[in-house]
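Asks: no FASTA, just this:
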Ligand SMILES: NC(=O)c1ccc[n+]([C@@H]2O[C@H](COP(=O)([O-])OP(=O)(O)OC[C@H]3O[C@@H](n4cnc5c(N)ncnc54)[C@H](O)[C@@H]3O)[C@@H](O)[C@H]2O)c1
Ligand SMILES: O=c1ccn([C@@H]2O[C@H](COP(=O)(O)OP(=O)(O)O[C@H]3O[C@H](CO)[C@@H](O)[C@H](O)[C@H]3O)[C@@H](O)[C@H]2O)c(=O)[nH]1
């Protein structure tokens, strides 16, 4: 199974497949499946872990040192176990058959058509996994929902599994993942908690214990929370809704700070000292992005609507409304400050990923800002240390429906650059859209010297030292901070 290819780490210890007493198969080799299984394999060398996927390209990449995702520390952990007790394969049927436990870790995106389009999560991939397990399994298995799913999805998975015609018994558990991208490895190695939901029957409790036994290899017992299935499924959606709500709340206050000369980071600091509020997730920004927050809040909204709770649905929907407003507000400010026109102007966009330390661009605010800049006929010069040009175009099309068929000048209007200095060369403005550490230590004097004047900075991430940049000569606007006094209109 383990194919030696260029750049692949050879196995340090070889143990025949049959010698392992316990086998885990994970369906879905993405941002969650890959890192999660790499950590299980690292912490449980006695368990054989195989991650399977329908995408040959994805699996091939996991078998090289050029992994399909960028995550600090991931490659080292993969290399430690790959070929020893961690494998990546497209032989889905064999790996399911062999497994004692099967994780379902496939994507559950927002539906784009049909009932619930734009809100409901599409659990098609989860159902297909359950069907595949039902089709090929000939021994009992614990099936673990790792994907984020609407509450009561385990019921659907259980019913599909029951169609197995060999009478095989399955237990379905909910074990949502709470890792954040960019910090996935520490999040997995020292999780704040591991949540496991299952049926409160003898067989259900035994299945929960089986999964507890896996995590207990490295997670302290008091951080492993066992509960019933529905509470577990719902907790995941609610956790993301609460986090997203915090970002929207502080972003709403950022607008008020800009209008009143209050400083949003000072407000956050004051709030954060209250232990009941806590100091995390209070950074005002150009808006939240990522594959989870919007999808999961919208899913929660849809579930509330479908269960006859319109007021509750509307409450959570405001989190999305505020996020959309924040993204739009940022570009409106740019245009307004640059004398109400950016037609033909060069704008340097620093950062395209939805947050630092990831190459993930799903729902990134940068795509919405760039789209708005293109609509104003600006020329956009983008630099991101981890995002390839091809990925940016995939994201424009997927998230905003912008492609070269409906926007013929797209390719020439977006210039991708090798570093921040070339992106800023000749630009009228910098727009900082991801908080990459390297943007804090750029030589802003050098950047200023090579920009058109007046040189504007629009900081959507609170990255720059405003006073230093103002001394250099920049006209600086930062989310949640007071605006330059030399502006004609301070609002
Ligand atoms: N990305 C995150 O940070 C994160 C964190 C926690 C939870 N989640 C949730 O975890 C789930 C997976 O997210 P992700 O970001 O890893 O998605 P992803 O798109 O990165 O990966 C999903 C993988 O599943 C594969 N797949 C789809 N259908 C399959 C099938 N029938 N059989 C085998 N493989 C199949 C795809 O080819 C893809 O490689 C989602 O429900 C998401 O909401 C994501
Ligand atoms: O104070 C803050 C904190 C975050 N963000 C933005 O919010 C988005 C999401 O950030 P973060 O939550 O750190 O990253 P994700 O990888 O999306 O992780 C979230 O979504 C995952 C998928 O469900 C969950 O597992 C994690 O617990 C949850 O934090 C990013 O655009 C951040 O820039 C802010 O604007 N201000």
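Replies: Looks like it arrived, so ask away. Note that the coordinates shown come from a computational prediction; the quantities given were computed from them, not determined experimentally. Numbering: from 1, shown residues only. Ligands and ions are numbered 1, 2, ... in the order given.

Asks: go through stretch 456-468 and flag the buried ones.
Replies: For stretch 456-468, burial by neighbour count (16 or more other CB atoms under 10 Å) applies to 456-464, 466. Just so you know, the C-beta spots here come from the backbone N, C-alpha and C atoms, and that holds for glycine as well.

Asks: run through the residues that contact residue 392.
Replies: Neighbouring residues of residue 392 by CB atoms under 8 Å, 6 or more residues apart in numbering: 352, 361, 367, 382, 414, 416.

Asks: again, only using 10 Å
Replies: Contacts here follow CB atoms under 10 Å, 6 or more residues apart in numbering; on that basis residue 392 touches 349, 352, 361, 364, 366-367, 370, 380, 382, 384, 414, 416.

Asks: could I get the buried residues of stretch 456-468 as TSV with pLDDT and distance to residue 75?
Replies: TSV is the format used below for the buried residues of stretch 456-468 (pLDDT from 0 to 100; distance: CB to CB, whole Å):
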residue	pLDDT	distance to residue 75
456	98	38
457	98	34
458	98	34
459	98	32
460	98	30
461	98	26
462	97	30
463	97	27
464	98	31
466	97	37
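
Asks: closest to ligand 2 out of these?
Replies: residue 461 (7.4 Å; CB to the nearest ligand atom).

Asks: if I look at the nearest residue in space to the closest one that is not next to it in sequence, how far off is ligand 1?
Replies: In space, and not counting its chain neighbours, residue 461 is closest to residue 435: 4.0 Å by CB to CB, 6 or more residues apart in numbering. As defined by CB to the nearest ligand atom, to the nearest Å, residue 435 lies at a distance of 17 Å from ligand 1.

Asks: go on, residue 249?
Replies: 22 Å.

Asks: touching, residue 210 and residue 22? I think so.
Replies: Yes: assessed by CB atoms under 10 Å, residue 210 is found in contact with residue 22 at 9.1 Å.

Asks: give the contact list for the residue nearest to residue 461.
Replies: Contacts of residue 435 (CB under 10 Å, 6+ apart): 283, 285, 350-351, 353, 355-357, 459-463.

Asks: how about residue 47?
Replies: Residue 47 touches 20-24, 40-41, 85-86, 100-101, 213-214, 217, counting by CB under 10 Å, 6+ apart.

Asks: where does pLDDT dip in the chain?
Replies: Residue ranges of the chain with pLDDT under 70: 1-13, 485-491.

Asks: and the strands in it?
Replies: Counting by DSSP state E, the chain has strands at residues 22-27, 47-52, 86-89, 101-104, 141-145, 170-174, 194-198, 224-228, 346-350, 379-383, 414-416, 429-432, 456-459, 475-478.

Asks: parallel or antiparallel, list what pairs with the first one.
Replies: Think strand 22-27. strand 47-52 (parallel), strand 101-104 (parallel) (DSSP bridges).

Asks: tell me which of those lies nearest to ligand 1.
Replies: Going by CB to the nearest ligand atom, the one of those nearest ligand 1 is strand 47-52, 6.0 Å.

Asks: off-centre distance for that closest one?
Replies: 23 Å (CA atoms, centre = their mean, to the nearest Å).

Asks: quick one, what contacts the nearest residue to residue 43 once chain neighbours are set aside?
Replies: Once flanking residues are discounted, residue 43 sits nearest to residue 218: 4.1 Å by CB to CB, 6+ apart. Residue 218 is in contact with 39-40, 42-44, 188-191, counting by CB under 10 Å, 6+ apart.

Asks: before we move on, back to that, okay if I get the contacts of residue 392 as JSON lines plus distance to ligand 1?
Replies: Output for the contacts of residue 392, formatted as JSON lines (distance: CB to the nearest ligand atom, whole Å):
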{"residue": "349", "distance to ligand 1": "23"}
{"residue": "352", "distance to ligand 1": "17"}
{"residue": "361", "distance to ligand 1": "12"}
{"residue": "364", "distance to ligand 1": "13"}
{"residue": "366", "distance to ligand 1": "17"}
{"residue": "367", "distance to ligand 1": "17"}
{"residue": "370", "distance to ligand 1": "22"}
{"residue": "380", "distance to ligand 1": "26"}
{"residue": "382", "distance to ligand 1": "23"}
{"residue": "384", "distance to ligand 1": "18"}
{"residue": "414", "distance to ligand 1": "24"}
{"residue": "416", "distance to ligand 1": "23"}
